[in-house]
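Engineer: Got a predicted model here, sequence first, then my questions.
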Amino acid sequence: MCFSKPAQGERLKDVASIVGVRENQLIGYGLVVGLNGNGDKGNATMQTIATMLARMGLTVKYNDLSSKNAAAVIVTATLPPFPKPGMKIDAIVSAMGDAKSIQGGTLLLTPLKAPDQKVYGMAQGPVSIGGGFSAVSGGGGASVQKNHPTAGRVPNGVIIERGIEIPLKNGEEIQMILHEPDFTAAFQVAKTINQKFGGEYAEALDPSLIKIRTPEQFSGGLMGFITQMETLEVTLDSLSKVVINERTGTVVMGEKVRLSPVAIAHGNLSIEITTEYKISQPNPFAPAGSQTVVVPQEKVDVKEQKASLIEVSGVTLGEVVRALNSLGVTSRDLMAILQALKRSGALKVELEIL
């Protein structure tokens, strides 16, 4: 059953963000040691170990190294907005060689760089794979695995070494970007801001960008202005869309879905194939060498329900759902019906197929 409710406003901070206030991705190449014989077997990892030892003053040729207790990994992290040196964030560690598991390993000191090739963080610490494990029997014939043992996390394992300056200090003008570009939404956001602060301070430049001039009373305190602005409630007009995922059989309808009166004929075709095995045993006094014979017998039944025309229409989402449920179809059949409705012009929404 579906119940409709009146439209409610959404906080501005949930539908838009300030230009420049964003996350940044970091990446680095590292080495996990302390594995229980589940590490890499290739020469690339041995060369990495030799290079690390050379930096420590010990010269060793990688050809002379043989170890299964280390693994080459890619380390990634997400730098939050307004990072400051000394802050700690999580690191994601993923094996890139032929290591079977990085359970119980320790990530050695790994510099993390941004696309500008500057180091913004240093990662190090014990790797946690969330209870995953991998085990193989002694003969190698059976194995068991839980979760994904070749990828893990180092909680608070990254120490930020460099911050990112965001130009908010001038306090004269800021810009906001809508998460979902829309002409009506951009105009509504600018209108709400102007009504709140009593002046023409906000202007929608395009469906996603809004330019905001700081009011005079907040010229010396931009944080107070942003705080009041982000908590404003904005009523946005949602798109009419139906999303179909054919791989998973998922159908999601938006609130604005409307269906014109239409007649639908739906019939189910069911094919059932069964196989029975009949065994013929030799008689008690059969000649020597008589064998048991297995005779398979297959049976095919085809059933097709009689199709009937059903009138379907709906003004609200609840009416549309009840009308389609009256057909008694599966999600797979519902996908075909929705696509046919869209082609016929009865479904007045955007149909997106994943």
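Structural biologist: Noted; the coordinates are in hand.
Engineer: distance between stretch 112-120 and the chain's centre?
Structural biologist: When distances are taken as C-alpha atoms, centre = their mean, to the nearest Å, stretch 112-120 is centred 25 Å away from the chain's centroid.
Engineer: per-residue confidence averaged over that stretch?
Structural biologist: If you average the pLDDT over stretch 112-120, you get 94.
Engineer: same check, this time on stretch 347-354
Structural biologist: 78.
Engineer: isn't Y29 right up against L112?
Structural biologist: No: Y29 is beyond contact range of L112, at 9.8 Å (criterion: C-beta atoms under 8 Å). C-beta coordinates here come from the backbone N, C-alpha and C atoms, glycine included.
Engineer: Run through the stretch 151-300 of the chain and note the low-pLDDT ranges.
Structural biologist: Within the stretch 151-300 of the chain, the ranges that satisfy pLDDT under 70 run 167-171, 219-221, 238, 264-300.
Engineer: those strands in it, which residues are they?
Structural biologist: 151-160, 173-178, 202-204, 209-213, 233-234, 241-245, 250-253, 259-266, 269-280, 293-304 (DSSP state E, counting those that start in this stretch).
Engineer: Which stretches in the stretch 1-150 of the chain count as helices?
Structural biologist: Along the stretch 1-150 of the chain, the segments classed as helices by DSSP state H, counting those that start in this stretch run 12-15, 43-55.
Engineer: Which among these is found nearest to F225?
Structural biologist: When the helices of the stretch 1-150 of the chain are compared by C-beta to C-beta, helix 12-15 sits nearest F225, at 12.4 Å.
Engineer: ok, the residue nearest to V252 when sequence neighbours are not counted - contacts?
Structural biologist: Among residues not flanking V252 along the chain, V243 sits closest, at 4.6 Å (C-beta to C-beta, 6 or more residues apart in numbering). Applying C-beta atoms under 8 Å, 6 or more residues apart in numbering to V243 gives the contacts 250-252, 352, 354.
Engineer: 7 Å instead, please
Structural biologist: V243 is in contact with 252, 352, 354, counting by C-beta atoms under 7 Å, 6 or more residues apart in numbering.
Engineer: Now distance to P215 too, for these, in JSON lines please.
Structural biologist: Below are the contacts of V243 laid out as JSON lines (distance: C-beta to C-beta, whole Å):
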{"residue": "V252", "distance to P215": "41"}
{"residue": "E352", "distance to P215": "40"}
{"residue": "L354", "distance to P215": "44"}
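Engineer: ok, these vs L79, which is closest?
Structural biologist: L79 lies nearest to L354 out of the contacts of V243, by C-beta to C-beta, at 30.2 Å.
Engineer: okay, now the closest residue to the closest one other than its chain neighbours: neighbour count?
Structural biologist: Excluding its sequence neighbours, the residue lying closest to L354 (C-beta to C-beta, 6+ apart) is N245, at 4.4 Å. Using other C-beta atoms under 10 Å, N245 is surrounded by 14 other residues.
Engineer: Specify the beta-bridge partners of N245.
Structural biologist: T250 (DSSP bridges).
Engineer: was I right about it contacting R332?
Structural biologist: No: contact criterion C-beta atoms under 7 Å: N245 and R332 do not qualify, at 11.3 Å.
Engineer: Turn the helices of the stretch 1-150 of the chain into JSON lines, including mean pLDDT.
Structural biologist: Formatted as JSON lines, the helices of the stretch 1-150 of the chain follow (pLDDT from 0 to 100):
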{"stretch": "helix 12-15", "mean pLDDT": "89"}
{"stretch": "helix 43-55", "mean pLDDT": "81"}
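Engineer: need the ones you listed in JSON lines with distance to E200, can you?
Structural biologist: Below are the helices of the stretch 1-150 of the chain laid out as JSON lines (distance: least, C-beta to C-beta, whole Å):
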{"stretch": "helix 12-15", "distance to E200": "18"}
{"stretch": "helix 43-55", "distance to E200": "60"}
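Engineer: Go through these and name the closest to L347.
Structural biologist: helix 12-15 (26.7 Å).
Engineer: could you say what helices and strands that closest one packs with?
Structural biologist: Helix 12-15 sits against helix 222-230, with contacts defined as 3 or more C-beta pairs under 7 Å, 6 or more residues apart in numbering; DSSP states H and E.
Engineer: do that again at 8 Å, thanks
Structural biologist: With contacts taken as 3 or more C-beta pairs under 8 Å, 6 or more residues apart in numbering; DSSP states H and E, helix 12-15 sits against helix 183-197, helix 222-230, strand 233-234.
Engineer: For the second one, buried residues please.
Structural biologist: This means helix 222-230. Buried positions in helix 222-230, judged by neighbour count with 16 or more other C-beta atoms under 10 Å: 222, 225-226, 229.
Engineer: if we take the residues you listed, which one ends up nearest to Q195?
Structural biologist: Nearest member of these to Q195, counting by C-beta to C-beta, is M229, at 12.0 Å.
Engineer: contacting residues around the closest one?
Structural biologist: By C-beta under 8 Å, 6+ apart, the contact list for M229 reads 12, 193, 196, 212.
Engineer: list the contacts for the first one?
Structural biologist: Contacts for L12 were tallied using C-beta under 8 Å, 6+ apart; they are 176, 189, 192-193, 229-234.
Engineer: neighbours of the nearest residue to L26 once chain neighbours are set aside, just the number please.
Structural biologist: Excluding the flanking residues, the one nearest L26 by C-beta to C-beta, 6+ apart is L112, at 3.9 Å. The number of residues packed near L112 is 25, by other C-beta under 10 Å.
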